[in-house]
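# Prediction below, plus the sequence it came from.
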Amino acid sequence: MIRCDRCSLPSAVHQRYSGLHLCPDHFTADVERKVRETLRTYRLFGRGGLVAVAMSGGKDSSALLYMLKKIFSPRRDIQLVAVLVDEGIDGYREQTLLSARSLADRLKIPHRTLHFSQEFATSTDSMAARTRAEAPCTYCGVLRKNLLNRAAREMGATALATGHNLDDEAQTVLLNYLRGDVERLFRLVPRTPKEGMVPRIKPLRRVPERELAIYAHLHGIYPQGHGSCPYVPWAMRLEIKEILNRLEAGHPGTKYALLRGFDKIQDLAGPGSFQMRQCGRCGEPTGQEVCQSCQLLERLGMGMGQRL
Ligand code: SF4
């Protein structure tokens, strides 16, 4: 039997990138240490505030809500609110939203659900039907980001936490390098406050996806059997994910190295000169004359829905 490297109990997890075998308690402590360290780097919590937690009901955002509750429980000056987004993905999203609400209720965290159908008068399903050649993630992701920021700002949140894990971050870095999209790459971790934008934080960005699945399972916070979004196979991200997983299997630590390298480049580059202004159509903050959400909806022959 393999034993934990930190105590004599049986090991439950082997971290190939660190070489450590860990029992459930030491594994949990290791994951939560990474999250606490990441939270410290944001330097946002000195004076308390309201943290809006973006939740899909999947394992990552569920583990995020659970850990933030655990970490911030001793802080009376910090409140949490879960923000759920229903993008309109038939047969998939209903289940994950049920999970998200039930976890938030169990943790006694208030929650609010926003619907694409009410905010944009459309759904990811209907956008996918109109744009057969394009990955729906382009539309879905942009509109969700817009909605989450707007909701967090209207609630008076001081931070918007998302469940992006190490795999997501490494994939995004590589994806944007491959597309030559430097501007998007540098917006990945905003370094300076932007007017109208609630500071985004990614407390899980140093925790591998596999470890979040194990963490969620160990703590009984993610019911199995939701499957994944039906549009995942359309995304280029899936190819990047497979490439990175192959590299990680052959060269443990590749994903960490990619993210560390990107963070160093970003430190060297400094805050940049990215200027925010108001979108000429909907008034939301953007770096361009018309925000990406309005551009995408216009391309589909839609306006900003009932919000306008
Ligand atoms: Fe939206 Fe793509 Fe995520 Fe599905 S996989 S929820 S389409 S961003």
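That came through fine.

# can we go C-alpha only for contacts and neighbour counts from here?
OK.

# how far away is the spatially closest residue to residue 215 that is not a sequence neighbour from residue 262?
Residue nearest to residue 215 in three dimensions, not counting chain neighbours: residue 28, with 6.7 Å by C-alpha to C-alpha, 6 or more residues apart in numbering. Per C-alpha to C-alpha, to the nearest Å, residue 28 is found 27 Å from residue 262.

# So the residue nearest to residue 215: helix, strand or coil?
Under DSSP: H, G, I helix; E, B strand; the rest coil, residue 28 falls in the helix class.

# so how far is the ligand from it?
27 Å (C-alpha to the nearest ligand atom, to the nearest Å).

# what's the answer for residue 201, then?
Taken as C-alpha to the nearest ligand atom, the span from residue 201 to the ligand is 18 Å.

# and that residue, what does it touch?
Contacts for residue 201 (C-alpha atoms under 8 Å, 6 or more residues apart in numbering) come out as 39, 42, 159-162.

# Excluding chain neighbours, what is closest to residue 123?
Closest to residue 123 by C-alpha to C-alpha, 6+ apart is residue 88, at 4.7 Å.

# That neighbour falls within a helix, correct?
No. Residue 88 sits outside any helix when classified using three-state DSSP, being coil.

# Let me know the pLDDT of the closest residue to the ligand within the chain.
Per C-alpha to the nearest ligand atom, the residue of the chain with the smallest distance to the ligand is residue 137, at 3.4 Å. Here the pLDDT value assigned to residue 137 is 88.

# That one contacts residue 235, correct?
Yes. Contact criterion C-alpha atoms under 8 Å: residue 137 and residue 235 qualify, at 6.9 Å.

# Which of those two has more residues huddled nearby?
Neighbours were counted for residue 137 and for residue 235 using other C-alpha atoms under 10 Å; residue 137 has more, 18 against 14.

# Can you tell me how far residue 129 is from residue 17?
42 Å.

# Excluding sequence neighbours, find me the nearest residue to residue 199.
That would be residue 159: by C-alpha to C-alpha, 6+ apart, it lies 5.0 Å from residue 199.

# so the one you found makes contact with residue 51?
Yes. Contact criterion C-alpha under 8 Å: residue 159 and residue 51 qualify, at 5.0 Å.

# Return the set of buried residues in the helix or strand bottoming out on mean pLDDT in the chain.
Least confident helix or strand, the chain: helix 182-186 with a mean of 73, by mean pLDDT, DSSP states H and E. The neighbour-count check on helix 182-186 (16 or more other C-alpha atoms under 10 Å) flags 185-186 as buried.

# Helix or strand next in line after that helix, which one?
Using DSSP states H and E, the next helix or strand after helix 182-186 towards the C-terminus is strand 200-201.

# in its sheet, what does that following strand sit against?
Here strand 200-201 is paired, per DSSP bridges, with strand 159-161 (parallel).
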